[in-house]
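J.: Any chance you could fold what I've pasted below:
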Amino acid sequence: MNILLGALSALVALLFLWGARVVAGKGVAVLREARREMAGGVTVRGTCVGVSGTRNSYRFVTPDGATRVAQVPRTGSLDTPKAGSTALLRYRKDDPSVVTTFGATMIAMPLGGFMTLVVALVCAVGAAVCGFLAYALVAGV
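T.: Presented below is the predicted three-dimensional model:
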């Protein structure tokens, strides 16, 4: 019976290790994307000119003096600004039509990547515990 439970614990340990690998890969991808967005972006103050559905329209002026209006995805159900209110926006230097909020790019993405790596670490610890349990059951410790 102990051998069967040990084999089951080893299987669970392998599943935990697989999960840690997959989740860590996603976390690293998010952190790379966040770094790319932070390096290739410019922060500007935009003025809300309209609210509709899942996007808000903001008007902002680029450093070269051009005025742009961009559709910015809403960050949540409470993200309902009034026309005329201002917000910090980030746009890509190479493509000014790609605009996000400052908080989504500079705070939420890096924090999400870090928390994903924490979940991967928890999976790795779970794998270590299950591996030790498998060893203890099979060896009769």
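J.: Which element, helix or strand, includes the spatially most central residue of the chain?
T.: Central residue of the chain (C-alpha atoms, centre = their mean): residue 112, 3.6 Å from the mean position. Element membership for residue 112 (DSSP states H and E) is helix 109-139.
J.: one step back: wait, what's in contact with the residue nearest to the centre of the chain?
T.: residue 30 (C-beta atoms under 8 Å, 6 or more residues apart in numbering). From N, CA and C alone the C-beta is placed, and that goes for glycine too.
J.: hey, where'd the strands end up in this protein?
T.: 41-52, 55-61, 67-73, 86-92, 99-101 (DSSP state E).
J.: how close does residue 38 sit to residue 88?
T.: Counting by C-beta to C-beta, to the nearest Å, the gap from residue 38 to residue 88 is 13 Å.
J.: Count the neighbours of the nearest residue to residue 67 once chain neighbours are set aside for me.
T.: Using C-beta to C-beta, 6 or more residues apart in numbering and skipping the chain neighbours, the partner closest in space to residue 67 is residue 61 (5.3 Å). Around residue 61 there are 13 other residues, counting by other C-beta atoms under 10 Å.
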